[in-house]
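**Student:** Predicted structure and sequence below. I'll ask about it afterward.
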Amino acid sequence: MQLNYNKLDERFIDELNKKISKVEDTIEELLKIKNKTYDNFFDVMEHLLDDIEKYSFPLQIEISTNITDLGKKTYEEYIPIMNEFSSKLSQNEEVAKSIIKIYETEDLNDVRKRILEKQILSFKSSGIGLDQESKEKIKSINLELAKLGNDFSQNVTDATNEYELIIEDEKVLSEFSELDKKSAEIEDGKWKFTLHGPSLTTFLKYCNDRTLREQLYKASATKAPQNEELIEKILSLRDEKAKILGYENYRELSIASKTASNALEVIDFLTELGKEALPKATEEIEELKAFAKEKLGYEDLEIYDYSYLSRKLKEIKYNFDPSEVKPYFEKNKVVSGMFQFLDNIFNLKAKQINDAKLWNDKALVFELERNGVLLGNLIMDLETNENKRGGAWADSWITSYTKDGVRVPATGIIVCNFPPSKDGVPSLLDHSDVVTLFHEMGHALHLITSKTKDISASGFNGTEWDVVEYPSQWLQEFANNKEIIKTFGIHYETGEVISDELIEKMLDSLNYGQGYGNNRQVEFGLFDLMIYDDTYSKEQVQEKLDEVRNMVSVIKTPSYNKFQCSFSHIFAGGYGAGYYSYKWAEVLSADSYTEMTKNNKIDKELANNFFDNLLSLGGSVNMKESFVNVHKRQPDPKALLKLTGIL
């Protein structure tokens, strides 16, 4: 399967305008069809829109994965063009009436009924049925929100790239491994640390100087302060949009398209989850405080101490230092071992393609097939660099579908920010990086293995946002499986396979901090919902965050912390009033994984049932219903707490 990646160039906007004009003309012709059907009208439109998305892929790369000045400039022009195009289409009463008529009169299968039901709900969220003035207001709000989201994200990226901490006193790095020191060294006797994930987390975990730890933490916690003003505008516009569309507030608008019934159900879910974990979280922190006082003379515990102290406590409690496993987790071997596991359990085979020309020479490309059928391509851009947005994500380039009996294979992309290979030392991963890779691979499998024929329900398309993390969180649990770890845990210098003893120490140490980690996610999810109670000022947003922290947090957060200013997931991504999705879906994923690995053995029959009747169905069914179909029961609400050792 040939990959044709064309780098963004100056002609992009002109070509985009031509493509949009052609699509609009084609839709006008489609509207002239007397007897419109799903196939001759709706499906044709969906493929026209998909072509625009595929054409825009290089731009998406150059504003996230390989950020360029041309990409940033072009995206600023792209936003209003696409807003105008999408608003005209989504607010077109004739198009909406045609689709509603198809839904009401055509004998559709269950998948197509579901697709059109979602489309009709989307029409409502775009302003169909409203007067022209209201439609124009919705269009204007959408454009402004798109611009604000882009500005928010770019502010975070710029602030992350601009900061660096130069260390010239090697004594403060005495607890670093030689590998981590070499990775940070910029010249003899000088080491550079930044706000990029691998550098920040390593420093906070190993630096023995408390003042310096706070310095780097504070730089991260206060970055992009100008985003406070943007948050006010984003919240106000979202509230205005929701009320125009007839919703009480934005969170109800957001949840209308998800599996949750309403916001109250979600708030109750998160609140209860936080309460269940609070005793465990409190116990963990009290133990850490006692340890800090006894060993280091600390009279209090600050949040910038947590990574450092919990690492030292684990070293004593479990006789384990996270840096011990890093030489065993070389990036390419981890990737290879992950594919070996997928082959062993699901007969999913990966073949590396070496001649693909992409945006990054370090990007890896694989062809995936199962039972002799080509499923698609997977691109992996895994190492961090200064031209990449922070975090990790999976995305689609090409979504699969079937036309005239022929399946068009998918192409997905996984992007991470793993430590870069440097000076002959390969990219070596923390165990948390391994978990991240498996997580994003779960997303990629959801996209690439989809056997749904209709593009509108293939892969991510049609999947409710609050269960889209189900496949990813399910697969990431296998990164904690001893037998799977041994397939890729091979020392990069000696070739020695990681020992059972070291794996067991590492896995035992994972139990520590589960209560604290759970409540951090609950904090983010509740905050993301509670900021829509009213139209809040930046000061009130901070008060809401403080209120949530008082409910579930077990470590006091410094007053200078402005975490919200870099919370791109909810202010610049797709998770606004939807961050709860991680915990919502994790209940399902924990339950599936637990049943699949009873008695410390992977149940291949159940695993392949999951693969065939949930994972590869894309968005053609509600995943909560698929859970029941696969497991023959309702999910256990306590499964997550049991798996993580909280209960």
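**Tutor:** That came in fine, so what should we check first?
**Student:** how about the strands of the chain, start to end?
**Tutor:** Along the chain, counting by DSSP state E, strands occupy 164-167, 185-187, 190-194, 348-352, 364-370, 373-383, 393-398, 401-403, 406-408, 410-418.
**Student:** so where's the chain uncertain?
**Tutor:** For the chain, the stretches with pLDDT under 70 are 1.
**Student:** tell me the contacts of E144?
**Tutor:** K233, L237 (C-beta atoms under 8 Å, 6 or more residues apart in numbering). C-beta: built from backbone N, CA, C; applies to glycine.
**Student:** cool, and F571?
**Tutor:** F571 neighbours (C-beta under 8 Å, 6+ apart): G149, F152, N227, L230, I231, I234, Q564.
**Student:** export the residues you listed to CSV and tack on distance to E76?
**Tutor:** As requested, those are exported to CSV (distance: C-beta to C-beta, whole Å):
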residue, distance to E76
G149, 12
F152, 14
N227, 17
L230, 15
I231, 20
I234, 18
Q564, 24
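**Student:** so which of those residues comes closest to E302?
**Tutor:** Q564 (19.6 Å; C-beta to C-beta).
**Student:** wait, isn't that closest one in contact with E543?
**Tutor:** No. Contact status for Q564 versus E543: not in contact, 11.4 Å apart, counting by C-beta atoms under 8 Å.
**Student:** Looking at these two, which has the bigger crowd around it?
**Tutor:** Q564 (20 against 12; other C-beta atoms under 10 Å).
**Student:** any idea how far D636 is from that one?
**Tutor:** Applying C-beta to C-beta, to the nearest Å, the value for Q564 to D636 is 33 Å.
**Student:** ok so, going back, would you reformat the strands of the chain as JSON lines and include distance to D500 and mean neighbour count?
**Tutor:** Output for the strands of the chain, formatted as JSON lines (distance: least, C-beta to C-beta, whole Å; neighbours: other C-beta atoms under 10 Å):
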{"stretch": "strand 164-167", "distance to D500": "37", "mean neighbour count": "16"}
{"stretch": "strand 185-187", "distance to D500": "34", "mean neighbour count": "11"}
{"stretch": "strand 190-194", "distance to D500": "34", "mean neighbour count": "18"}
{"stretch": "strand 348-352", "distance to D500": "27", "mean neighbour count": "16"}
{"stretch": "strand 364-370", "distance to D500": "30", "mean neighbour count": "19"}
{"stretch": "strand 373-383", "distance to D500": "27", "mean neighbour count": "21"}
{"stretch": "strand 393-398", "distance to D500": "32", "mean neighbour count": "20"}
{"stretch": "strand 401-403", "distance to D500": "45", "mean neighbour count": "17"}
{"stretch": "strand 406-408", "distance to D500": "43", "mean neighbour count": "13"}
{"stretch": "strand 410-418", "distance to D500": "26", "mean neighbour count": "24"}
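**Student:** out of those, which comes closest to G297?
**Tutor:** strand 164-167 (23.4 Å).
**Student:** ok, the most centrally placed residue in the chain to G412 distance?
**Tutor:** Closest residue to the average C-alpha location of the chain: W393 at 4.8 Å, with C-alpha atoms, centre = their mean. Distance of W393 to G412, given as C-beta to C-beta: 11 Å.
**Student:** which residues do those two both contact?
**Tutor:** Common neighbours of W393 and G412 (C-beta under 8 Å, 6+ apart) are H443.
**Student:** can you list the residues that contact stretch 614-621?
**Tutor:** 111, 114, 445-447, 449-452, 454, 457-464, 471, 623, 626-627, 629-630.
**Student:** what's the spacing between it and its chain's center?
**Tutor:** Relative to its chain's centre, stretch 614-621 lies at 18 Å (C-alpha atoms, centre = their mean, to the nearest Å).
**Student:** Could you work out the end-to-end span of it for me?
**Tutor:** 8 Å (C-alpha to C-alpha, to the nearest Å).
**Student:** one step back: any idea what the residue nearest to the centre of the chain is bridged to?
**Tutor:** According to DSSP bridges, V415 are recorded as the beta-bridge partners of W393.
**Student:** doesn't E440 make contact with it?
**Tutor:** Yes. The criterion here is C-beta under 8 Å, and W393 meets it with E440 at 6.9 Å.
**Student:** intersection of neighbour lists for these two?
**Tutor:** Joint contacts of W393 and E440 (C-beta under 8 Å, 6+ apart) are I414, V415.
**Student:** May I see the strands of the chain organised as TSV, with distance to K22 added?
**Tutor:** Output for those, formatted as TSV (distance: least, C-beta to C-beta, whole Å):
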stretch	distance to K22
strand 164-167	47
strand 185-187	51
strand 190-194	45
strand 348-352	36
strand 364-370	31
strand 373-383	27
strand 393-398	20
strand 401-403	20
strand 406-408	21
strand 410-418	23
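**Student:** Determine which of those approaches D508 most closely.
**Tutor:** With distances scored as C-beta to C-beta, the stretch of those nearest to D508 is strand 410-418 (24.5 Å).
**Student:** which secondary structure elements does that closest one contact?
**Tutor:** With contacts defined as 3 or more C-beta pairs under 8 Å, 6 or more residues apart in numbering; DSSP states H and E, strand 410-418 has these neighbours: helix 197-206, strand 373-383, strand 393-398, helix 431-448.
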